[in-house]
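> could you work out the structure for the sequence below:
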Amino acid sequence: MRAVMEWRSGSGGSSGAEKRGPQGIDPVSAMFEVAEKTINNRNSMLQDIEKGKPTEIMFLNGKIAEWGVNSKYPPQSMARSRP
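Next up is the predicted model:
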């Protein structure tokens, strides 16, 4: 997994200053640190689904469809899923 993250972040497995971002932070190490600190977090939408509550997904889909309608690239499938 680390190799994939290094490849996607552009650090390519290099060492030292070469793999540090603009603020001097190693992006791969930062991603792992965040993942480790948040491993037990549960996002609010998952909590809503587990409790059988409505989620904000229809609102979000509606906004995306609205933006698409007003652009030259309308998201057809999103427009069909509007409430």
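> just checking, which helix or strand succeeds whatever helix or strand Val4 lives in along the chain?
If you go by DSSP states H and E, Val4 is part of helix 2-9. Going down the chain from helix 2-9, the next helix or strand is helix 27-37, by DSSP H and E.
> check which residues of that following helix are buried.
By 16 or more other C-beta atoms under 10 Å, the buried positions in helix 27-37 come out as Pro27, Val28, Met31. For the C-beta atoms, the positions are set from N, CA and C on the backbone; glycine is no exception.
> what's the mean pLDDT across that helix?
For helix 27-37, the mean pLDDT works out to 88.
> for this structure, what helix or strand is lowest in average pLDDT?
helix 76-80 (a mean of 55; mean pLDDT, DSSP states H and E).
> show the contacting residues for Gln23.
By C-beta atoms under 8 Å, 6 or more residues apart in numbering, Gln23 lies in contact with nothing.
> and Gly52, how many residues sit next to it?
6 (other C-beta atoms under 10 Å).
> now the one 10 residues further on
Gly62 sits with 15 neighbouring residues when counted by other C-beta under 10 Å.
> what about it, which helix or strand?
Per DSSP H and E: helix 57-69 holds Gly62.
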